[in-house]
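Got a sequence here, can you model it:
(chains A and B)
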Amino acid sequence: MRSTDWLQLALYIGALALITKPLGIYLTHVLDARGTTWLDPVMKPLERLTYRLMGVVPEKEQDWKGYTFAMLLFSLAGCLFTYAILRLQHLLPLNPQGLGPLSPHLAFNTAVSFTTNTNWQSYGGESTMSYFSQMVALTLHNFASAATGIAIAAALVRGIARQSATTLGNFWVDLVRTTYYLLLPICVVFAIALVSQGMIQNFSPYTKARLVEPYKVPVEKKNDKGETVLGADGKPVMEEQTIDEQVIAQGPMASQIAVKMLGTNGGGFANANAAQPFENPTPLSNFLQMLSIFAIGSALTYYLGRMTGNQGHGWSVWAAMMAIFLAGALVCWWAEASGNPIHHGLGVAAADGNMEGKEIRFGIFNSALFATITTAASCGAVNSMHDSFTALGGLVPLFNIELGEIVIGGVGAGLYGMLVFVVLAVFIAGLMVGRTPEYLGKKIQSYEVKMAMLSLLVLSLSILGFSAWASASEWGLAGLNNVGPHGLGEILYAFSSATGNNGSAFAGLTANTPWYNTTLGLAMLIGRFLMIIPIMAIAGSLVVKKASPPGAGTFPVSGVTFTALLVGTVLLIGALNFFPVLALGPIIEHFLNAQGTLY
Amino acid sequence: MTRKAPSLFDGKIVGPAIADSFRKLHPAHMIRNPVMFVTMVGAILTTVAIFTAGAERGFIAQLALWLWFTVLFANFAEAVAEGRGKAQAAALRKARSDTTARRLLAGREERVPATHLRKGDLVVCEAGDVIPADGDVVEGIASVDEAAITGESAPVIRESGGDRSAVTGGTRVLSDRIVVRVTMEEGHGFLDRMIALVEGARRQKTPNEIALTILLAALTVIFLPVCVTLKPFGVYSGTVFSIPVLTALLVCLIPTTIGGLLSAIGIAGMDRVMQRNVLAMSGRAVEAAGDVDVLLLDKTGTITLGNRMATEFIPAGGVPVSVLADAAQLASLADETPEGRSIAVLAKQKFGLRGREVAEPHAQFVPFTAQTRMSGVDFPALNGKPARKIRKGAADAVRAHVESLGGSFPQDMVRGVEDISRAGGTPLVVADGRDVLGVMHLKDVVKGGIKERFSHLRRMGIRTVMITGDNPLTAAAIAAEAGVDDFMAQAKPEDKLARIREEQARGHLVAMTGDGTNDAPALAQADVGVAMNTGTQAAREAGNMVDLDSNPTKLIEIVEIGKQLLMTRGALTTFSIANDVAKYFAIIPAMLMATFPAIAPLNVMRLQSPSSAILSAVIFNALIIIALIPLALHGVRYRPIGALAVLRRNLLIFGAGGIIIPFIGIKAIDIIIATIHLV
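The predicted structure is shown next:
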């Protein structure tokens, strides 16, 4: 835990705090149908044209049901569109490698994954996806799913801020404006910045390079039909193969990476994601990528404060997120820096901690920080192998996801997820000031409590239910490459990541099987839409309420006390559910590691 | 008067409550409380497991026993709270012994049982009769003993017309004769409703209670899969989690503490209101009282003592003040109005002038009439003293009087009168013959301590609005003196209603008190309408609370009780949820210990054995319900220190405390278990 690393941590949080306000103010303009931005001269005609083509009347607002229905319709259409492209990839252009169509279950999994802003990848990008698939089928969702999340968050904030109203805005308008005025322009600038750091952006076929130092690897011997030849002992016969060239993937990377980070999508262009040199060339690109993951989510808290006329509340929510984030980052960093206890026992401990599965260029701190950020937000991009983290180091990302990714969180999703906890915190603790609970003057009653709890129930039921099923069934165990608590951690991570729409993987799990692709796909759908529906119902119920004016007896939703309360609520109600299963997974693994048992 | 609260664990209440705890095990009753229902199902499952268990039978039997205790303790808490209400109901019921009514039918009296009375019937009640049903006095005046419902032994006057016409069935006429028109039939009367309310028989869950029940049920539903999925996770990990152990974990995690005490808190809240001699028509009203942020208070009787009092003598130029005081006292000796008496008292206090006998020789008292608008006293010329004609009255009346006698109204007095009026007081000018002696300052006297009360309310976040029929000048002066936040001058009953609607439209919750029939619409519109028991039937029907003591200041106490009720719920919910941390740290290591001894460091409490750890957690979980019954019944103390400070305080006590206390409690129980070798 070096001082330069501390400095970078401070720099990171400082930079984030600095961009929160300007970006938040910009959001208030973007998310207002009549708002004006300096991009109007360029984008306004395009915006109008889009409305005309879609047949949208931008002035006509929708109630919560209309808004939600529009969102579901849009998501369904996008999902089917992507599914079709992936299945027909071989017939479509921009496929210099001649890659074939995806299997139905993989196409389902991938289409759902990108629609839900999860970007779980059961495939390796460069060996599965054509440039067309990457750019059209997937990048489309990188924008659309991010814009959808922001739209839902904006609708919820309007529900809180407006009084005695019925409508929450127009989904199509929010979608279009977020894409045109927020995501596209920032991505253009960001992509150029990334290219300046050495990221590639081309349509070339993959390059082959001769190795300076060819090497031999044992591979299973295949017969003419491509089947593995078995020896007398029933094991595959091995033969040596000389590797003397390397295939270097190319492609339009920068354009996809910009939105991958900014929209907390996380789906890598390359299989190695942000650990691949082209996808994350320099320390600066690494820093910018980490910053862009949190940027919009952080700005949305400012938007919340601005819209509700209580900026202190916005900052309190931000502070609560930061508190949980910092705690996680420090634990993860410390655990990784402490290294592997068994190495210590053998006297071979590296001075710089647990380097297994980490990119040398980034080292312990930047790997730990990136892992915490990508799971705190529902990004899922990775620059190191989370599976190779120490038990406690790996617990942090898993824990972040299981909290519901409300620490900054996915763009929009983080805010609306956190607001569920705000509603619960206000309901439980609000009583303690001697009033029936109010959130910013609006009564929190049975309906809101019911819906808030429903969304929490969905999260924990999906993660625990699917994980339990997988851990006790053949199809689940078949995919496992590790045993014991670590294997359980891998299964748990997969379903947490899918339900939480994170998309990062513990790996170590062969997930490209019909069973895993299907169950993970379902978990993603549940984690996205079954969360959004109750949350929109809360928005619909709050928007019609009248707010009582604040007074000395009003429950304070800003300040240190509220921040502490919110953190406590998140930990007590959100996290404790997972304690038993975490004990069976990473926690016991930690203690066993300490005793010298590895998995 | 306040009713004496029965001591917490009064034998008369505890006995039946224990029996009730078992009676309440009926599934139809249990299902109303999802948390405790799940606990009971767990207890049944564990009980069944005793018979299939092997070596662990003793441990499982103890688990089952404590799970049953958990359910019974929760039932007991509810039964105790209800028992306190029932004790009051029994006292009320005595008043409603079978009564015979003297019904007037076409001018003839006939005796019928009270149960036969119908709405609109006329009944006669004379001294000694029990009034057979609720109604309005339509004829006559009588003193009535209402001790049966108010507990107050001093009789009250009930008369036809006006705001004191309502009588309550079950009360007794002490003197005179009245004719009552029945407004409520037997079984629906005030007393019946009161009995039903305090007994809790018709108790319905309040909106906030329903919301909280949903939260608790949802938490239970969330913890259910947490525990159920441990079974397959256990299979994966090569360890078997038995049903009793998983049940123990579930019961410890679900919020049994607040689940068990929730209804007791609600009943006790109603009960506390009742102890203040206020009858809340529903729990909803008590809950709403906690939310009130605007109080409309009538000036008279609530803020001021109700009568104007003389506070100052301002003599006219050249007149010694003692002369003025003396004359004023003489003029007031026969004046039995409170104002008149206050003048005599002030003169005595300030100048030591003894209240002379009213029978001052030859004095001729001149009473106040609407024509002269003056009162006073005349002395004939006697023993060399000249005849005197002392008058006191409104400035213009006295001016006309002295001018008619050839005198003049001094300029300084005109100013004095104006000054008093501007200060919100009433000037009363005193003249002796044709000479104006001076002016007295009569003003409303604000009740002692009321200013502190209002600043106390302000800190609670409640705004007070004074309603008065006075002119704006007077109203402003009194408002400033009493420290109210706002006032409504020259208010008519319609204005009250309009004001309430206006406040409500701005999102405020309004409480008010009232007694007259013309208050009824406002009482009905207010979120909390407290009708005075001395008020009319219409007012009592319109409000959602009736103050049996007819004390308008009581509203403040009601608000505090409402707040206390809500705070207690929030505090125990927080406590209950915070408790889970320690229980996890007790049970989870215990569950894993057999298969993974490496988990030992997670057993931070260093509990003796897995069985002892699990049992300790379950025992703590059960005992904490009993331990918190007093808090549930008395309520968390409310301090008017502002929402933020209250929140901080309660978060510290019930949030942080809720995390720490079970660690200590479970460890203590574990030591006891190990000492006496229970497992």
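
all contacts plus neighbour counts: C-alpha atoms, from now on.
OK.

how far away is B:D326 from B:G438?
As for B:D326, its distance to B:G438 is 11 Å (criterion: C-alpha to C-alpha, to the nearest Å).

what mean pLDDT does the longest helix seen in chain B have?
As assigned by DSSP state H, the longest helix anywhere in chain B is helix B:57-95. Averaged over helix B:57-95, pLDDT sits at 86.

same question, stretch A:525-541
95.

ok, and does it reach over to chain B?
No: counting by C-alpha under 8 Å from any C-alpha of the partner chain, chain B is not contacted by stretch A:525-541; separation bottoms out at 13.9 Å.

May I see the buried residues of that stretch?
By neighbour count on 16 or more other C-alpha atoms under 10 Å in any protein chain shown, the buried set for stretch A:525-541 is A:525-529, A:531-541.

Counting neighbours, go ahead and name the busier of B:D326 and B:G438.
B:G438 (31 against 19; other C-alpha atoms under 10 Å in any protein chain shown).

Could you confirm that one falls within a strand?
Yes: per DSSP: H, G, I helix; E, B strand; the rest coil, B:G438 lies within a strand segment.

I figured it was touching B:V430, is that so?
Yes: if you go by C-alpha atoms under 8 Å, B:G438 and B:V430 touch, sitting 5.6 Å apart.

helices or strands up against the longest helix of chain B?
helix B:11-23, helix B:34-52, helix B:147-150, helix B:190-199, helix B:243-253, helix B:256-275, helix B:610-634 (3 or more C-alpha pairs under 8 Å, 6 or more residues apart in numbering or on different chains; DSSP states H and E).

mind saving the C-alpha coords of whichever helix or strand comes after the first one as CSV?
On the C-terminal side of helix B:11-23, the nearest following helix or strand under DSSP states H and E is helix B:27-30. Written as CSV, here are the backbone C-alpha positions of helix B:27-30 (Å, rounded to 0.1, in the frame of the first residue of the first chain):
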residue,chain,number,x,y,z
PRO,B,27,-53.9,-20.2,13.5
ALA,B,28,-56.7,-17.8,12.5
HIS,B,29,-55.3,-15.3,14.9
MET,B,30,-51.6,-16.0,14.2
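
from the stretch 201-350 of chain B, which residue is nearest to chain A?
B:A211 (3.9 Å; C-alpha to the nearest C-alpha).

What is the burial count for that residue?
20.

Excluding chain neighbours, what is closest to it?
Among residues not flanking B:A211 along the chain, A:S446 sits closest, at 3.9 Å (C-alpha to C-alpha, 6 or more residues apart in numbering or on different chains).

distance of the one you found from A:V157?
In terms of C-alpha to C-alpha, A:S446 sits 20 Å off from A:V157.

between these two, who's got more neighbours?
Neighbour totals were compared for A:S446 and A:V157, and A:V157 leads with 26 against 19 (other C-alpha under 10 Å).

residues in contact with the closest residue to that one other than its chain neighbours?
Nearest residue to A:V157 in three dimensions, chain neighbours excluded: A:L304, at 6.1 Å (C-alpha to C-alpha, 6+ apart). Going by C-alpha atoms under 8 Å, 6 or more residues apart in numbering or on different chains, A:L304 touches A:157, A:311, A:313-314.

buried subset of those residues?
A:157, A:311, A:313-314.

from the contacts of A:L304, which is closest to chain B?
Closest to chain B, out of all of the contacts of A:L304 and judged by C-alpha to the nearest C-alpha, is A:H313, at 14.0 Å.

Name the helix or strand for that closest one, please.
Under the criterion of DSSP H and E, A:H313 resides in helix A:311-338.

in terms of contact count, name the helices or strands touching the next helix or strand after that helix.
Remark: after helix A:311-338, the chain's next helix or strand is helix A:341-346, criterion DSSP H and E. Applying 3+ C-alpha pairs under 8 Å, 6+ apart, we find helix A:341-346 packed against helix A:588-595.

What's the mean pLDDT across the helix it packs on?
For helix A:588-595, the per-residue pLDDT averages 87.

Which positions in that helix come out as buried?
In helix A:588-595, counting by 16+ other C-alpha under 10 Å, buried: A:588-594.

and that helix, what does it pack onto?
Partner elements for helix A:588-595 (3+ C-alpha pairs under 8 Å, 6+ apart): helix A:341-346, helix A:391-402, helix A:484-499.

swap the cut-off to 7 Å and go again
With contacts taken as 3 or more C-alpha pairs under 7 Å, 6 or more residues apart in numbering or on different chains; DSSP states H and E, helix A:588-595 sits against helix A:391-402, helix A:484-499.

Which of these sits closest to chain B?
That would be helix A:484-499 among those, by C-alpha to the nearest C-alpha, at 6.5 Å.

mean confidence score for that closest one?
pLDDT averaged over helix A:484-499 gives 90.

Report the separation between the residue nearest to A:V157 and chain B.
22 Å (C-alpha to the nearest C-alpha, to the nearest Å).
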